[in-house]
Structures are given as C-alpha cells and as structure tokens.
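Visitor: Structure, please.
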Amino acid sequence: MRKLIGAFCILVSVFIITYVLYVNSQYKGTTREFSGYTLLNSSWQLYAKKFINNDGRVIDYSQNNITTSEGQSYALLRAVWIDDKPTFDRVWKWTKENMKRPHDNLFGWRWGQRSDKTYGFMPDGGDNSATDADEDITLALIFASYRWGDTSYLDSAKKILPDLWKIDTADAYGKRYVIAGNWAQNDRELVINPSYFAPYAWKIFAQVDTKDNWNSLVDPAYTLLTDAGDVPLDKEKNVGLPPDWLVIDRHTGAFKPPVNMGSFTTNYSFDAMRIPWRVALDASWNNDTQAKAYLNKVCTPLEQHYQNDHKLVNTYLHDGTKGNDEESAAMYATALGCFISTNPTTAQDIYQNKIVKLYANDTNTFRSNITYYDQNWLWFGAAMYNKFLIPFKPTKHNG
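Guide: Here you go, the predicted model:
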C-alpha cells in the first residue's frame, strides 16, 4: 500500500510540475497541433474535400459558387507542395479543359453558372486573364514536372510562358512590368496590381523560357514596390505600404491612383496584403538583397500597428490609417512573410495566436466557417512559417 501511495504521489507531483510549466509557457491558451506537417497535411485534405469537386473544380461558396483561375492556381500549388499528385491532376485537367482562353494559352479568371443556366466564363470580363493566376499555374506545372518526373507538365508550362510574357507584361518608360491582365493596358497607361509581382517565379521562368527576358522584370518590380509606398497617391501622406492597385503613365513613368475603376483602391488590403509573402519567398529561395530590404521597409508600419493594437485589421488606407476594425486571417498569414525574417518574436506570436488558434483539433483543419480565400492563405502562411515551401526547379542536372 505504501508503494502504491508513493507512486500516486509521484504521479501527482509530475502532473503539478507539468501544469505549472505549461501555464507559464509560450503555449498557454493556444490550440496545439501534432506538428507543422500535420497541420498542413490534414488541413489540405479537408480543404480538398470541401472546396474541390471530384472533377477538379474549386468552388468559392462565398461568391455564388463561382470558380476563379486564382482558386485553381492555389489548389495546384498546394497539391504539388503537399505531394498530392492525384488531386493535382484532377485540378489541372479541369482547369485546362474549362478555363483556357480560346485564342491563347492563358486562363479566364471567372467561371460559373450564367443567367441562362449554362456554365462557362461569366459575362463582363470573365474570360479576361488574371496574371497572378497565370503565373501561379505555370509555376505549379514546373514544380510538378521536377517533383514527379513527368515532362508533360513542363511541356504545358512552356506553352503558357510565351503568352504570359506577351499578354500579361508590358513596357512603360523603358521598363517592363507585370500588368493585371490582358485588359490592363492602352497607349497611355498600364494598370498594375503589385501583389501579382512574383520575382521568385520569374527567376524560375527564366530557366525554362530563355527567349523572353524574365529577369528584366525583377528590378523594376522592386523599385515600383518601394516607390509606390513613398508617394501619397490619393492621400495626403504615405507610410510605406503598397497599394492594392495603381496606374503607370507609359510615357513618363509617373504613378497614379486608379480612377473610375470600380472597387480598385490604393488601400493595403485584400490584394496588397499578399506582397510580403511573395517577397519573402524571393528572400528565402534566392537570398535576394532587394527582397530583404523591401521586407524591412514594408514591415515597419505593420509592426507598429500590431504592437499598438495587438492585432492587424483587414484594411489600411494608403496613409496608414485603419480602414475598419475587422481582423482577417489572410492578413495575418501573409504578414508572416514580413516577420519571419525581420522579427521572429512577432512571427511566433502571430503564428501561435492568430493562425494556430484557427485550427480546430476536433476536425484537424482550419475552422469550417473560414472562407476559401482565408483557408488558402492560412495554409500558405503556415507552410512558410514551417519552412515547407520548397522550390522544385530546373538544375544543371535535371533542367
């Protein structure tokens, strides 16, 4: 009996010590996942089950069940990174059979059920290209070729790249830029969405398509990102945040705010929030000094807001003021691109308290009420934090 009582006392002591250590640890009040890989793998499996049809079509339930080229591109990237070839193949098959534009090798951006009950590109520009999706689809195909040793993916990428260069990039004042799509230029100006800038992808494209000068896009992109944060555009001041949209005068190179372009704004919000993540990939994969310098610059106002408010909201105006008081999962996930390199303590705080807490242990995925867009960016942010984003690309041995 004494031995039993002694053993029980030891167990109680161990429990008390463990509890005290947990209560005083960094994990107090957080949802725990088994591992970073478990979070990424299980959340992908549940995302695919909920948002990807058996035929490979990705559905955005928050927008009347439409499908976008962006959604297809995110699924392709996630599938190749998580090593899910069957899902990749289904998504790619549906994409090329339903979203390829009729007269080139790019993809229409918006597809769904139209007013006459037929399915196809939506009216009012649904067949226009969206450059970020064209880039991400092409990058995913290149990755798939080298990850799975199937040259058919690379052959498809090689067909896209010349049209991507010809249609989705354009010259202004002696420099070449990625523009928003086939619709985004005229004789006087270019329409730019800076969150479409993907220098890490262009450097890989340059190894596959040696005819077009993909590397020439890099310096103008970083100059634009820096300068766009340093001009007031449609506000009285600036704080260094890039805008969702801007216009470049083709003859002078001057920046203008978008005018009479519907919902296009100079805010740092739904679009521009993706920029730190994309730049962080270039910093990580290529040790790019311009990328590192830009992250230090754009992170400063975000760090100030996070420290002052203990949160980030989903919209900041170009002058740095808050557009509202609502938080966004995607804002936190993409902001990790800043803080992983510039402030690891803030990155850890955001990851544990703003991302992991949205992971539900009972279902092993991100909470079901989170939209398709936020679901994707939570995954991309967590994957970056866990050093999971590997660049499968040509080398001297396999290229």
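Visitor: drop to CA atoms for contacts and neighbour counts, all remaining ones
Guide: OK.
Visitor: In the stretch 1-150 of the chain, mark out all the helices, start to finish.
Guide: Ranges of helices in the stretch 1-150 of the chain, per DSSP state H, counting those that start in this stretch, are 2-23, 36-51, 69-82, 85-98, 131-148.
Visitor: Go through those helices and name the closest to R176.
Guide: helix 131-148 (14.3 Å; C-alpha to C-alpha).
Visitor: Can I get the next helix or strand after that closest one as CSV, trimmed to CA atoms?
Guide: On the C-terminal side of helix 131-148, the nearest following helix or strand under DSSP states H and E is helix 151-168. The C-alpha trace of helix 151-168 is given here as CSV (Å, rounded to 0.1, in the frame of the first residue of the first chain):
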residue,chain,number,x,y,z
THR,A,151,7.8,16.2,-68.6
SER,A,152,4.2,16.7,-69.8
TYR,A,153,3.7,19.3,-67.0
LEU,A,154,6.8,21.1,-68.2
ASP,A,155,5.6,21.0,-71.8
SER,A,156,2.3,22.6,-70.7
ALA,A,157,4.2,25.3,-68.8
LYS,A,158,6.4,26.0,-71.9
LYS,A,159,3.2,26.7,-73.9
ILE,A,160,1.9,29.2,-71.4
LEU,A,161,5.1,31.2,-70.8
PRO,A,162,5.3,32.9,-74.2
ASP,A,163,1.7,34.2,-73.9
LEU,A,164,2.2,35.1,-70.3
TRP,A,165,5.1,37.3,-71.4
LYS,A,166,3.4,38.7,-74.5
ILE,A,167,0.0,39.4,-72.9
ASP,A,168,0.4,39.8,-69.2
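Visitor: so how far is A201 from A140?
Guide: To A201, A140 is 10 Å away according to C-alpha to C-alpha, to the nearest Å.
Visitor: For the two, work out which one has more neighbours and name it.
Guide: In this view A140 and A201 are compared by other C-alpha atoms under 10 Å, and A140 has more residues nearby, 27 against 22.
Visitor: returning to that earlier point: would you turn the helices of the stretch 1-150 of the chain into CSV with mean pLDDT and distance to L246?
Guide: Putting the helices of the stretch 1-150 of the chain into CSV (pLDDT from 0 to 100; distance: least, C-alpha to C-alpha, whole Å) gives the following:
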stretch, mean pLDDT, distance to L246
helix 2-23, 37, 48
helix 36-51, 94, 32
helix 69-82, 98, 20
helix 85-98, 98, 29
helix 131-148, 98, 15
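Visitor: Number of residues surrounding D163?
Guide: Neighbours of D163 (other C-alpha under 10 Å): 15.
Visitor: mind starting the numbering at 51 from now?
Guide: Okay, using 51 as the starting number, the last item reads as D213.
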